[in-house]
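Trainee: The sequence isn't on hand, but the structure is:
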């Protein structure tokens with residue numbers, strides 16, 4: 001019998017993956033200067049983006065171990 005993830009976990013992981021995509025886009029904008037010319041212009045955004053990326057990576061590890 002295959003053990004699947006609950007719909008709540010799937011929903012959470014989908015949300016985290018969307019955040020990961022948005023974080024990557026934000027990091028790209030920061031890196032290319034589209035929104036900010038320097039990282040120091042908005043250090044909070046950089047910190048949040050890194051935290052979200054780390055959280056998404058951690059949750060993907062959990063997903064992989066439960067699959």
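Mentor: That came through, no problem. Only a predicted model underlies this, so the values are computations on that prediction, with no experimental measurement involved.
Trainee: how distant is the host helix or strand of residue 16 from the center of its chain?
Mentor: Secondary structure from DSSP states H and E places residue 16 in helix 7-32. Centroid separation for helix 7-32 versus its chain: 4 Å, with Cα atoms, centre = their mean, to the nearest Å.
Trainee: so after that helix, what's the next helix or strand?
Mentor: Using DSSP H and E, the helix or strand that follows helix 7-32 towards the C-terminus is helix 43-66.
Trainee: what packs against that following helix?
Mentor: Using 3 or more Cβ pairs under 8 Å, 6 or more residues apart in numbering; DSSP states H and E as the contact test, the elements touching helix 43-66 are helix 7-32. C-beta: built from backbone N, CA, C; applies to glycine.
Trainee: helices or strands up against the helix it packs on?
Mentor: Secondary elements touching helix 7-32 (3+ Cβ pairs under 8 Å, 6+ apart): helix 43-66.
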